[in-house]
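> Give me coordinates for this.
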Amino acid sequence: MASFYRSTVQEFLGQDEEQILARLGIAYANRGYTSQYTDQTLTWQRDLSSLRTSLEECVGKSDSARSWGLLLEFSVPRKEVRVDIVLLIRDAIVVLPFLVEPFRRAHVGRAAAHREAQRYDQK
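This next block holds a predicted model:
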C-alpha cells in the first residue's frame, strides 16, 4: 500500500516518536518532495502524540487492538489526496483525518472532515 508509514498498532506503540518521524520524513522525500516545511514536521509530532494516546486507550480496552493495521499518510489511488490515518481492523477500514485546532474551530473541522470523507468515497 502506498503510505508513508505502515505497521501494526503494537509496532507503532513500541517505536520512539523520533523513529516514526524519521520514517515519515524519508518517505516524504522519496516521493519527490524537495523541501519539507517545519509546520509539517511539527504537525506530525503533535498528531503522533495524540494518536499514541488514543491507541494506548484502545489497547487498554481490547488487547486485540494490538494487531490492527496502521497506515499514516496513505495515498488514495487516482485521487491525488492523502489520508492522515487509516486503521485496518479485521474486515473494516477506518479513515481518520487529523484536524487542526479542533476546539477553536470545531464546526469548521466537522464540515471539513465530512467533505474530506465524501471525497474519499467518490469514485
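> how about the helix ranked longest in the chain: buried residues?
Using DSSP state H to define each element, the chain has its longest helix at helix 38-61. Neighbour counts over helix 38-61 (16 or more other Cβ atoms under 10 Å) mark Trp44, Asp47, Leu48, Leu51, Arg52, Leu55, Cys58, Val59 as buried. No exception for glycine: its C-beta is placed from N, CA and C like everyone else's.
> average model confidence for it?
For helix 38-61, mean pLDDT rounds to 85.
> which residues sit against that helix?
9-10, 12-13, 17, 20-21, 24-25, 28, 65-66, 68, 70, 84-85, 98, 100 (Cβ atoms under 8 Å, 6 or more residues apart in numbering).
> And these, which of them are buried?
Neighbour-count burial (16+ other Cβ under 10 Å) applied to the contacts of helix 38-61 gives 9-10, 12-13, 20-21, 24-25, 28, 65-66, 68, 70, 84-85, 98.
> Please consider this matter closed, and thank you.
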